[in-house]
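Peer 1: For reference, the sequence and a predicted model appear below.
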Amino acid sequence: MLQFILRRVLGAVVTLFLIGAATFFLFVAAPSDYASLACGKDCSPQRLADIREALGLNLPIAQQFWDFMSGIVTGRDFPTGHCPAPCLGQSFYSGDMVWSTIMDRFPVTMTLTVGGAIVFLVVGVGAGMLAAYRQATMVDKIATGASMVLSSFQIYFLGPIVLTVLVYSTGWMEDPKYVPITDDPVGWFIGMSIPVCVMATIFTAQYTRMARSSMIEQLAEDQVRTARAKGMSNRYVFFRYAWRGSLIPIVTVLGIDISSMLGGAVVTELTFSLQGIGQLAVAGATTKDLPLTMGVMLFGAFFILFINILTDITYAFIDPRVRLS
């Protein structure tokens, strides 16, 4: 098992290095002169030359690449001060270090991603398992029909409707906002409940159908029929033989969906005016803040690779055959 984990981690490190290299050279090859972007509109030739020297743009490309990659590990020095590791550069627009800016916004996106995953796993997988257990009954029809309806909604459509009904018209809920969980756990839960549930809606519908079909397939396996033939109860067979096998396709898709929730977080944060990494990426692209944009890209790649490693490890625990592949 340890060798399995080490192979996955090593592969992730190599992948992250290649992504960093590709991002850097795309950054260097950009048609815009990012020294001019950092200098601003009222930029004198002397100030532009000073910025080029401070950013190391007068150095060879190979040296710039080495400074960028080594800065992630050891940190870098800028005219405004030292950027500790992991250093992803300095924002042209605000002058803040990119890593610090990302960490300030990360709790919002993390709350959306983890909270949304918990909601669609508990509700979606639970509803799918229940529908499979009560197959061809009214419970199965309601769960299947509801999943078909919910899967047709989109965040940018459902979000304003929920806000209008629950916040502006009835006043049953407060306007969504992020409060650090360490400051006010209750305020954090209430403020983020609507965005989390809205973002999880589409995934909940998807996992309801997937869990149902996976469980029905497992219930038709030979070992399940044999267990029933021996006189075991349906509940015992369901949880002892069918439940674990039905989780394999769910875990496989889960890693991909959690990674794709970063894209969903962009739409959710824009819909509910939450200051997360999605808003940060949009702001970086709008203001042509290339270091910020590149830093968000690298952080997103790291997050996706980390989730994939956790998915592989979980998959190996569920299905030991994966460790031998």
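Peer 2: That came through fine.
Peer 1: can you give me the strands for the stretch 1-150 of the chain?
Peer 2: 76-78, 81-83 (DSSP state E, counting those that start in this stretch).
Peer 1: mind giving me JSON lines with those and columns for mean neighbour count and distance to N308?
Peer 2: Backbone N, C-alpha and C define where each C-beta goes, glycine included. Shown next, in JSON lines, are these (neighbours: other Cβ atoms under 10 Å; distance: least, Cβ to Cβ, whole Å):
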{"stretch": "strand 76-78", "mean neighbour count": "16", "distance to N308": "29"}
{"stretch": "strand 81-83", "mean neighbour count": "13", "distance to N308": "28"}
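Peer 1: Save the ones you listed as CSV, and put in mean pLDDT and distance to M110 too.
Peer 2: CSV is the format used below for these (pLDDT from 0 to 100; distance: least, Cβ to Cβ, whole Å):
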stretch, mean pLDDT, distance to M110
strand 76-78, 82, 26
strand 81-83, 84, 23
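Peer 1: Please, which helix or strand holds the residue nearest the centre of the chain?
Peer 2: By Cα atoms, centre = their mean, the chain has its centre lying nearest to L262, at 3.6 Å. Assigned by DSSP states H and E, L262 falls within helix 243-272.
Peer 1: May I see the buried residues of that helix?
Peer 2: Neighbour counts over helix 243-272 (16 or more other Cβ atoms under 10 Å) mark 245-247, 250-251, 254-255, 257-259, 261-262, 264-272 as buried.
Peer 1: Near Y156, how many residues? Count them for me, please.
Peer 2: Neighbour count of Y156, defined by other Cβ atoms under 10 Å: 12.
Peer 1: ok, it touching E269?
Peer 2: No - using Cβ atoms under 8 Å, Y156 is not in contact with E269; the gap is 11.6 Å.
Peer 1: any idea how far E221 is from A227?
Peer 2: Computed as Cβ to Cβ, to the nearest Å, the A227 to E221 distance reads 10 Å.
Peer 1: okay, these two: which has more neighbours?
Peer 2: Under the neighbour definition other Cβ under 10 Å, A227 and E221 were set side by side, and A227 has more, 19 against 13.
Peer 1: isn't that one right next to R240, touching?
Peer 2: Yes - counting by Cβ under 8 Å, R240 is a contact partner of A227 at 7.5 Å.
Peer 1: Buried residues in stretch 90-105, which are they?
Peer 2: So for stretch 90-105, counting by 16+ other Cβ under 10 Å, buried means Q90, S91, F92, Y93, M97, V98, W99, T101, I102, R105.
Peer 1: Nearest to W188, out of the residues you listed: which one, please.
Peer 2: R105 (15.4 Å; Cβ to Cβ).
Peer 1: Looking at that closest one now. What's its pLDDT?
Peer 2: We have a pLDDT of 92 for R105.
Peer 1: Also G40?
Peer 2: 67.
Peer 1: And P320, by the same measure?
Peer 2: Here the pLDDT value assigned to P320 is 65.
Peer 1: from memory I19 sits against L298, does it?
Peer 2: Yes - here I19 reaches L298: they are 6.9 Å apart, a contact under Cβ under 8 Å.
Peer 1: quick one: the helices in the stretch 201-325 of the chain?
Peer 2: 222-229, 234-237, 243-272, 277-286, 290-318 (DSSP state H, counting those that start in this stretch).
Peer 1: do the same with the stretch 1-150 of the chain
Peer 2: 2-28, 34-39, 45-55, 61-74, 98-119, 126-133, 138-150.
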